[in-house]
Structures are given as structure tokens and as C-alpha cells.
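[1] Pasting the sequence and the predicted coordinates here, then a few questions.
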Amino acid sequence: MVKRHYSALSQPTLSMSELICKTLDHDATDMLIDKWLEHRNDAYWEWFQGVRERKHAANSLRRQVLVWNKGDFLPENIFCRTVDTGRLIPLDRTWSTHVYHHRSMQDRKLSMMPVVFTMLPELMMLRGMHDLGCDDVYIIVTDMKRQEMDDVTEYFNLVCRYAFGRTCKPSMENEIQYNHMRLSHTLLKQRRTPCFPQIDIAFRAILHEKRPPFIILFSHQTTSYSQILFTHPLFVPSEEIFFDFPSGCPNPCCNDDCEMIRFPRRGIEGAAVLSIKRGRRNGRKVRSREMCNWIDCNICFNEETSQYPESSEGSQSSADSGDTPTNNGLVCSKCRLVKYCSPEHQKKDWEEHRRVCAKSASI
């Protein structure tokens, strides 16, 4: 077997990484969510209460939307519109978290639970936004300070724009190699663990092999922040919903720049979005689809259609009425937030949808 050599311009593999991967499964995530609900953070609680008071408009069938209409403050009662399938799903769908960290953390027997717990509300939101491809979340643990995190984010933007899945021009090759050497020297001088080459290997290998909607660079430095790097603009949270999302900082006097996790509250403008070439060997192109809200249905509706037939009095009543679906699907006339391909699938989804179905606000 030929051993692959690492460089800033060659595609690395996860087998080349020396970082240790600790996986927290769905059961561990459930336990962390229960713990977070038990020790409720007032800032996040107040934000979700504000979401509950905001009335969703009847024309929000295709837009990002977060809805809490009924029940107690529990993930199964808060629903989010997915950016990839257009479904309205509850936040109780868990995930597995793959945490890549330096071996020194294992030598010190440090748990990865606090890493995930620190950003649990943000992970719940990001998981809720994605119906497909988000059962696995990838986090790389670092100890970079704020300026170092900024520089590394800028470097990965540069690499993805000019070299990831592309033939890189000689002039850009020189710039990438220069910045790689500069970052490697800076982090080595500051004795950062893991070193920059190991961060680079894990980051680009995950992008290539796993193709996640986002990767998180976590920093446990108190003076830094953790960065969420999205792989497509479609995956970025909407500013209309998250403009006042809590910063995560426990200091009540802090400003927006003091955030512990750089969650893009200003939409695309404030997000770190990687310019990744897609198609053919680089994976499928990202498209926003509009699918039947029943989770086990694969029917996709025509996105260009703007008029939809309605059910009679909501999902359950329309499912019982025996209305004949069209190619455009059936829209719940009560909340106007979901579509179905048939009355049968409306009926099957009612047990879950009933927790959010309520009369919509006027346009």
C-alpha cells in the first residue's frame, strides 16, 4: 500500500489524521438535552419565549420558520422548517457528534461531553434545520485564540475557493502555501494543540469524505470563540428568525463580538460560508426542495408552483375527507405550514403535526 504524503495542496484522508475521534451517540445527546432542560439558561429560555409570541405568517410555506405553538418548553413541541426538504420537523431529532481532539485531552482523561454541552442550543437549531445529512455532526477541538481562529477561518475560505476540488492556479498555490506555513509557525510558536497541519488534515478530510452541511472549529480558550463553517449558503440560518439569538456568553454586559459561539445571527452577512465546488466527483449540487411532510415519503413537489389546494379544516380533517391530491400537494388549511402528497400521508403525520398545527396569522 502506497503511503500518502501530506501537503497543503493535496487532498488528505482521515486515515492520515493523528487526532483522536470520540463519538457521542444519540443516547448521549438525549442525556445532554435533558440536562440542559433541567439547568435552563435564562437567555435561551427568554429567546424561545419570544419565538412563541411571534406569529408565523400564512405565506411562510417556503421560508425558514421556527414555531412553538403548543405545550411546554420541550424539543418535541418546537418545530423548524428544514432548508433541504422544506419539512416542518421537531427539534427532538437527535444526532451523533464526532469530536476530533488532540491525544493530550485523552491522556488527561477529559470528557468530550462539556464540548457538546457548551453549544447544545446551537446544535439543536442546526440539526433542526436539516432533514438529511445531519445525523452526524463534526467538531474539531482546538485551543486557538480569537485572532488565530479568524486567520484559520480565512485560510479555509481561501483553500475551498481556489483548491478544493479544483485545479489551482500557480499564483494561488503560492499564496495557499505561504499562509499554510505562516499559520503552522504561529500555532507552533504559541504551543497550540493540535498543531495547524493536524487541524488542516482533519478539516479537509471531513469535507471531502463526509460532506457535512457544516463543520465546527471549537476553541476552549476563554478569550476566543467557536466557529461554524457552512458548506453552502442554503445551510445558513435566516436573519429573520435568529437576529436576536443569544450569544452564549454568561456576562450580561458583553456585546455581539463577545460571543462564545459564532452563530450567524445576521444571516449570510455574518456567516462563514465555504465556497465548495459541487457536481460529479465533488458530490451532488445543493438544491432547496419542497417535499411531502410525512418523513417516510420521497415525493418532491414543483418548487416553481405558487398556488396550492387546501385541506378543509387542517391536516387530520382533510385526511379524513378523502380529498384528491394534485401534483402540487395538499396544504394544511389551518396552519398553512406543511404540504402532503396525499390524504393518507396527512393522516400518518398527524400524530406529530398536531403538536404544532394552529391557525396562522394573517398576511
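    That came through fine.
[2] Just say helix, strand or coil for the residue sitting nearest the centre point of the chain.
    Here the mean C-alpha position of the chain is nearest to the C-alpha of L126 (CA atoms, centre = their mean), at a distance of 3.2 Å. The three-state assignment at L126 reads helix, by DSSP: H, G, I helix; E, B strand; the rest coil.
[3] these two touch, right, it and V236?
    No. Here L126 lies out of contact with V236, judged by CB atoms under 8 Å, at a distance of 10.0 Å. Quick note: C-beta positions are derived from backbone N, CA and C, even for glycine.
[4] Can you report how many residues lie near Q49?
    11 (other CB atoms under 10 Å).
[5] Show me what counts as buried in the strand or helix carrying it.
    Using DSSP states H and E, Q49 falls within helix 42-53. In terms of neighbour count (16 or more other CB atoms under 10 Å), helix 42-53 has its buried residues at Y44, W47, V51, R52.
[6] Verify the stated contact: the last one with L66.
    No. Distance between R52 and L66: 9.6 Å, which falls outside the contact criterion (CB under 8 Å).
[7] quick one: contacts for the residue nearest to L126 when sequence neighbours are not counted?
    Nearest residue to L126, sequence neighbours excluded (CB to CB, 6 or more residues apart in numbering): F214, at 6.4 Å. Applying CB atoms under 8 Å, 6 or more residues apart in numbering to F214 gives the contacts L126, I228, L229, F230, T231, F235.
[8] cutoff 10 Å now
    By CB atoms under 10 Å, 6 or more residues apart in numbering, F214 lies in contact with 126, 129-130, 134, 137-138, 228-232, 235-236, 271-274.
[9] tell me the pLDDT at it?
    pLDDT, F214: 95.
[10] And for N328?
    In this model, N328 carries a pLDDT of 75.
[11] burial measure for it, as a count.
    For N328, the tally of surrounding residues (other CB under 10 Å) stands at 16.
[12] ok but it is inside a strand, no?
    No. N328 is assigned coil when assessed by three-state DSSP, not a strand.
[13] Isn't it up against K339?
    Yes. At 8.0 Å, N328 counts as touching K339 under the criterion of CB atoms under 10 Å.
[14] re the thing from before, among the contacts of F214, name the ones in helices.
    Those of those mapping onto helices are L126, per DSSP state H.
[15] roughly how far is the helix holding Q49 from the heart of the chain?
    Centroid separation for helix 42-53 versus its chain: 20 Å, with CA atoms, centre = their mean, to the nearest Å.
[16] Ok, stretch 107-126 next?
    That offset, for stretch 107-126, works out to 15 Å (CA atoms, centre = their mean).
[17] For M113, give me its contacts.
    Residues in contact with M113 (CB under 10 Å, 6+ apart) are K22, L24, A28, M31, L32, K35, T97, V99.
[18] and the fourth one, which of the three is it?
    In three-state terms, and counting by three-state DSSP, M31 is helix.
[19] pLDDT weak spots in the stretch 101-250 of the chain?
    Residues of the stretch 101-250 of the chain meeting the criterion pLDDT under 70: 249-250.
[20] Would you map the strands across it?
    Here the stretch 101-250 of the chain has its strands, by DSSP state E, counting those that start in this stretch, at 136-142, 214-219, 226-230.
[21] can you pull out the helices in the stretch 151-300 of the chain?
    170-189, 196-209, 239-242 (DSSP state H, counting those that start in this stretch).
[22] Q147 is nearest to which of these?
    In terms of CB to CB, the element of the helices of the stretch 151-300 of the chain nearest to Q147 is helix 170-189, at 9.2 Å.
[23] Which other helices and strands does the closest one contact?
    Counting by 3 or more CB pairs under 10 Å, 6 or more residues apart in numbering; DSSP states H and E, the packing neighbours recorded for helix 170-189 are helix 146-162, helix 196-209.
[24] Minimum distance to I176: which of these has it?
    Nearest of those (CB to CB): helix 146-162, 6.0 Å.
[25] And the closest one, what does it pack against?
    For helix 146-162, the packing partners by 3+ CB pairs under 10 Å, 6+ apart come out as strand 136-142, helix 170-189, helix 196-209, strand 214-219, strand 226-230, strand 261-262, strand 272-273.
[26] Enumerate the positions of the longest one that are buried.
    Applying a neighbour-count criterion of 16+ other CB under 10 Å, the buried positions in helix 170-189 are M172, I176, N179, H180, L183, S184, T186, L187.
[27] Return the member of those nearest to E290.
    Checking the buried residues of helix 170-189 against E290 by CB to CB gives M172 as the nearest, at 37.9 Å.
[28] residues contacting that closest one?
    L9, L158, V159, R161, Y162, A163, R166.
[29] what does V116 give?
    Contacts of V116 (CB under 10 Å, 6+ apart): 22, 24, 28-29, 32, 95, 97, 99, 123, 137, 139, 216, 218.
[30] Distance check, T29 against I139.
    Per CB to CB, to the nearest Å, T29 is found 13 Å from I139.
[31] Repeat that for C335.
    35 Å.
[32] Check R262 too.
    R262 is 14 Å from I139, by CB to CB.
[33] With A8 instead?
    Counting by CB to CB, the gap from A8 to I139 is 23 Å.
[34] now swap in V236 and tell me
    Distance, V236 to I139, by CB to CB: 18 Å.
[35] now swap in E53 and tell me
    Distance from E53 to I139, by CB to CB: 33 Å.
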